[in-house]
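**Q** Predicted model and sequence follow; I will ask about them next.
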Amino acid sequence: VRGIDANSPERGPIFCVPITVIRPEVVSSKEPIAWSEKLAFKPGQTHRRFLAVPAGAEWADLKMVTREQEDGRRLVVHTVEKVPGHSYSQKQSEKYFTFRDDDEQVHSFAVTGGRTVEVCLSQYWSSIGESEYDFELTFHGVVPDNRQIYIDGGDPATRVDITSRFRNEDVAPSASLNIWRQTVRPGDMKVTTLESQRDRLPDERQILEGVITYNFSMDSKGKVTPRFGLNDEWESSIYAIYDNQKRLVKTGASGTGTSLDKGSYVLKLHLRNDRRSMLDKMKNLPMHLDHALSKSVGLSFYKTYLDALTGGAQVSTMALAEGERACMYALTPLSLPGGAKPGDTLHGSISFGKTGSGRHGVGKKPGGYRIVLRVPPPANPAKPRPSASTPKKPDKKSEADKLKEEIRDLKINRLPRLYARKHDKDFELMSAELLKEWPNHMPVLIHQLKRADQDGNRKSDPDAVIKAAETVIARIDTKRLREHYGIFLDSEDE
């Protein structure tokens, strides 16, 4: 781009701005090796290659083989992609390799399909002498349908579908959750105008500051990382953490972690912007507080939903042909961190490739895919079963009342011996005495019905059977009986 004075074009360019146009090298996703080249290096010499990543690629393996050389050499491999919504640091990899004579090493790094990856190769400046390398780059892609796997803790198992995009792949799913995330709402927010001379833009726009206050507590010592959903619209965003004695403990930006002891804390987030409306919109900005788990939570995978529920065959490894789809079920773990409450989330990574078996590279996407689990409500506590050691409720009856009841029960137990006709007077006398002292006592009435229903008595006096039966039925609360048998009852419920 050349800038020319419109009034004096004969003077020529006043300034020049060089612009570099990069045309990436298009590689074939059908070939086993997407890119290969032999390169020679001197100390500090750099080779750059710009390659178009095929759609569906998730990671790449860069194979490096040295030629004959007398001494060891050190090679720097730096890869970077420009992906909208991500910083360069999030989409880059850098690693140092030391090579000996006829050595071979592989560098695996994550890529994004449909973008351009820059591969920068350089011999370290202090590695004296020339060297030659053979480079081969291959792309891989075992891709889930959803790039972020979400597991609802209320579901017993979650289905995961994957596809092999480029070639036959060995699949061995593995996942772990190592971050516990709390969401904290702000307590209050104060907006103030900053110093007029220092915090005023050249076009006379005044900078304002908003301070949002969050309160949280630590049940035990651990590392926490505050995160805020902010973008580049903000001039700055810095937080400060204070303990319960109002002492400053830590300052940092979103994503900066620190170790805190057990106790209560206050976090103040400082935002700067020249528009009051922008600051007012942040008064309800939630804070994500990430806790690093001392022990990660692992997940297991099963072939079918029924296997996940019944503990059937797990998916340890499987072969996935090019273009083939497969599904598996992730079992929701029962053991979760003790401090996690319903609504909190657990975060981690999941990968599908298989490592080892003499294959080149890590065999899976470095860093894996993101996986999130929502913490469900806790399970209901199990009801304690009654046992002989369970203390009984204290009996409030007096000893005299207990004795009367025992005598009553003894007489009732004697009534079946008086069913015969030769004992009619004794039965009638004893049952009358019991009903006089204990009116409408159901065991006595039932014995009267059983006696009337004896073979000899039923034929001679059927009206007595009907009368005794009606007396028993009249004493039964049929409404409560219908309510009892009209609902489902657990056989183990006491």
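**A** Yep, that arrived. Numbers count the residues shown, from 1 in each chain.
**Q** ok, which stretches of the stretch 151-300 of the chain are helices?
**A** Listed in chain order, the helices found in the stretch 151-300 of the chain under DSSP state H, counting those that start in this stretch are 276-280.
**Q** Show me the shaky parts of it.
**A** Scanning the stretch 151-300 of the chain for pLDDT under 70 picks out 231-235.
**Q** Mind naming the longest helix for the chain?
**A** Assignment by DSSP state H gives helix 399-414 as the longest helix of the chain.
**Q** Can you point out the buried residues in whichever helix or strand comes after that helix?
**A** Proceeding N to C from helix 399-414, the next assigned helix or strand is helix 424-437, under DSSP states H and E. Within helix 424-437, the residues scored as buried using 16 or more other Cβ atoms under 10 Å are 427, 430-431, 434. The way it works is simple: take the backbone N, C-alpha and C, and place the C-beta from them, glycine included.
**Q** Looking at those, which one is closest to Ile4?
**A** Taking Cβ to Cβ as the measure, Ile4 lies nearest Leu434 of those, at 124.6 Å.
**Q** Which secondary structure state does the residue nearest to that closest one when sequence neighbours are not counted sit in?
**A** Spatial nearest neighbour of Leu434, chain neighbours left out: Val444 (4.9 Å); criterion: Cβ to Cβ, 6 or more residues apart in numbering. Recorded secondary structure, Val444: helix (DSSP: H, G, I helix; E, B strand; the rest coil).
**Q** Please report phi then psi for Ala321.
**A** Main-chain dihedrals, Ala321, degrees, to the nearest 10: phi -80, psi 160.
**Q** For it, which residues are in contact?
**A** 164, 168 (Cβ atoms under 8 Å, 6 or more residues apart in numbering).
**Q** Please point out which parts of the lengthiest strand in the chain sit buried.
**A** The single longest strand within the chain, with elements called by DSSP state E, is strand 169-184. Using 16+ other Cβ under 10 Å as the test for burial, strand 169-184 gives 169-182.
**Q** and that strand, which strands flank it?
**A** Strand 169-184 pairs in its sheet with strand 287-298 (antiparallel), strand 318-320 (antiparallel), strand 345-353 (antiparallel), by DSSP bridges.
**Q** Tell me which of those sits most buried.
**A** strand 345-353 (a mean of 22; mean count of other Cβ atoms under 10 Å).
**Q** could I get stretch 81-94 in PDB with only the CA atoms?
**A** The C-alpha coordinates for stretch 81-94 follow below in PDB (Å, rounded to 0.1, in the frame of the first residue of the first chain):
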ATOM      1  CA  GLU A  81      -3.400 -21.400  13.600                       C
ATOM      2  CA  LYS A  82      -5.600 -18.300  13.400                       C
ATOM      3  CA  VAL A  83      -9.100 -19.300  14.500                       C
ATOM      4  CA  PRO A  84     -11.900 -16.700  15.100                       C
ATOM      5  CA  GLY A  85     -12.800 -16.300  18.800                       C
ATOM      6  CA  HIS A  86      -9.400 -17.800  20.000                       C
ATOM      7  CA  SER A  87      -6.100 -16.200  20.800                       C
ATOM      8  CA  TYR A  88      -2.900 -17.400  19.200                       C
ATOM      9  CA  SER A  89      -1.800 -18.900  22.500                       C
ATOM     10  CA  GLN A  90      -4.800 -21.100  22.600                       C
ATOM     11  CA  LYS A  91      -4.100 -22.500  19.100                       C
ATOM     12  CA  GLN A  92      -0.400 -23.000  19.100                       C
ATOM     13  CA  SER A  93       2.100 -25.600  20.200                       C
ATOM     14  CA  GLU A  94       5.900 -25.300  20.700                       C
END
